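K.L.:
sequence unavailable; structure follows:
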């Protein structure tokens, strides 16, 4: 009998790609999502790609009743917890929404899992928990010192999960600290479809290239990087999905709490990303350099040795594949999932 994985936020960008990878690995999956920043069409397309059914509950992680009913009905062997809010700027303006969703939502899920007697968890964390780098690359021993509300909610949720594991000797958790997920499944059927104005670089570039937006704003060109623009570690979302499958396998095998960075270990500047996307799409990406954004870092990237050693995982897809797959998705779906 297939092992059962309960996935909160499974209709989102990373969630839908992970559900696809889980189904291809022959897991039984149930998605719990309020579809606030996602679309049920993503899950329908995953079913089309795999031929496998996906159980779905529409609900909110802030509701203990919603979560308990879904977990009790599905009886999962493990959970992957994606559901949460993730915009740094918005978190500063609406901190209580972020603490309620990202921290209380995590507590609610753990309580629902406890009630069912299922104590295995993979958590969608973030490199933002590290804050301003004391050194680079970031490794998992780097001090946790987030510099914004979003990062603090992720760090606090990590602490909750660690304490839960410590209090329950049979509990197991993996905290995956993402860097910058980009790209799309090679089919072009699922991809990143932000509601409103994109917060991240890659979907904004893609929307400019496809004609939905006029130009890209480049925030600062005077950083201490190769070309003066900000440098980030980008990871293909399909590689990230594979990391989640490896993390599920790990937590199902053994108790305890551990953390792993998920990145490539290499930085890419904004200008390098623009040029790579232009090559992959054969489209020009107009841009304008504007002032730096408050709080932006010049450079950060991951140490990925621990993910290799603990999970047996390494990234496989390069920058060209990140850009080409994004363009394939954007061309097929110029208006995202609103195209049907």
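P.N.:
Thanks, I have the structure now. Bear in mind the structure is a predicted one, so any value in this text is a computation, not a measurement.

K.L.:
low pLDDT regions in the protein?
P.N.:
For the chain, the stretches with pLDDT under 70 are 340.

K.L.:
can you list contacts of the helix of greatest length in it?
P.N.:
Using DSSP state H to define each element, the chain has its longest helix at helix 149-167. For helix 149-167, the external contacting residues (CB atoms under 8 Å, 6 or more residues apart in numbering) are 84-88, 90-92, 95, 98-99, 102-103, 106-107, 110, 121, 123, 125-126, 128-129, 131, 144, 146, 171-173, 175, 255-257, 259. For every residue, glycine as well, the C-beta is placed using N, CA and C.

K.L.:
among those, name the buried ones.
P.N.:
Restricting these to buried positions leaves 84-88, 91, 98-99, 102-103, 106, 110, 121, 123, 125-126, 128-129, 131, 144, 146, 171-173, 175, 257, 259, with burial counted as 16 or more other CB atoms under 10 Å.

K.L.:
mark which of those residues are part of strands, please.
P.N.:
The members of these that map onto strands under DSSP state E are 121, 123, 125, 126, 172, 173, 175, 257, 259.

K.L.:
now do the helices in the stretch 151-300 of the chain.
P.N.:
Using DSSP state H, counting those that start in this stretch, the helices of the stretch 151-300 of the chain run over residues 201-209, 237-253, 270-281.

K.L.:
same list, those helices, but as CSV with distance to residue 8 and mean neighbour count please.
P.N.:
Listed next are the helices of the stretch 151-300 of the chain as CSV, based on distance: least, CB to CB, whole Å; neighbours: other CB atoms under 10 Å:
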stretch, distance to residue 8, mean neighbour count
helix 201-209, 22, 23
helix 237-253, 13, 22
helix 270-281, 30, 20
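
K.L.:
which one of these lies nearest to residue 32?
P.N.:
Of all those, helix 237-253 sits nearest to residue 32, with 15.7 Å by CB to CB.

K.L.:
report the angle between the closest one and helix 149-167.
P.N.:
Using axes from the mean of the first three to the mean of the last three CA atoms, to 10 degrees, the inter-axis angle of helix 237-253 relative to helix 149-167 is 20 degrees.

K.L.:
show me the one of the helices of the stretch 151-300 of the chain that comes nearest residue 226.
P.N.:
Nearest to residue 226, of all the helices of the stretch 151-300 of the chain, is helix 270-281, at 7.6 Å by CB to CB.

K.L.:
now do that closest one: distance to the chain's middle.
P.N.:
Centre-to-centre, helix 270-281 and its host chain are 22 Å apart (CA atoms, centre = their mean, to the nearest Å).

K.L.:
and stretch 296-316, by the same measure?
P.N.:
In terms of CA atoms, centre = their mean, the centre of stretch 296-316 is found 14 Å from the chain centre.

K.L.:
same thing with stretch 223-230?
P.N.:
Distance, centroid of stretch 223-230 to centroid of chain: 25 Å (CA atoms, centre = their mean).

K.L.:
repeat that for stretch 169-183.
P.N.:
Using CA atoms, centre = their mean, the offset of stretch 169-183 from its chain centre is 9 Å.

K.L.:
give the contact list for the residue nearest to residue 278 when sequence neighbours are not counted.
P.N.:
Leaving out its chain neighbours, the residue that sits closest to residue 278 by CB to CB, 6 or more residues apart in numbering is residue 285, at 5.6 Å. For residue 285, the contacting residues are 205, 208, 209, 216, 274, 277, 278, by CB under 8 Å, 6+ apart.

K.L.:
adding distance to residue 73, write those residues out as a markdown table.
P.N.:
Below are those laid out as a markdown table (distance: CB to CB, whole Å):
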| residue | distance to residue 73 |
| --- | --- |
| 205 | 41 |
| 208 | 44 |
| 209 | 43 |
| 216 | 45 |
| 274 | 47 |
| 277 | 43 |
| 278 | 49 |
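
K.L.:
closest one of those residues to residue 298?
P.N.:
Distance to residue 298, by CB to CB, is smallest for residue 274 among those, at 17.3 Å.

K.L.:
from residue 285, how far off is the closest one?
P.N.:
5 Å (CB to CB, to the nearest Å).

K.L.:
got any residues that touch both of the two?
P.N.:
Jointly contacting residue 274 and residue 285 under the rule CB under 8 Å, 6+ apart are 205, 216.

K.L.:
what residues are up against the residue nearest to residue 56 when sequence neighbours are not counted?
P.N.:
Of all residues not flanking residue 56 in the chain, residue 31 sits nearest, at 5.0 Å (CB to CB, 6+ apart). Residue 31 makes contact with 7, 8, 10, 11, 15, 19, 43, 54, 55, 56, 57, according to CB under 8 Å, 6+ apart.
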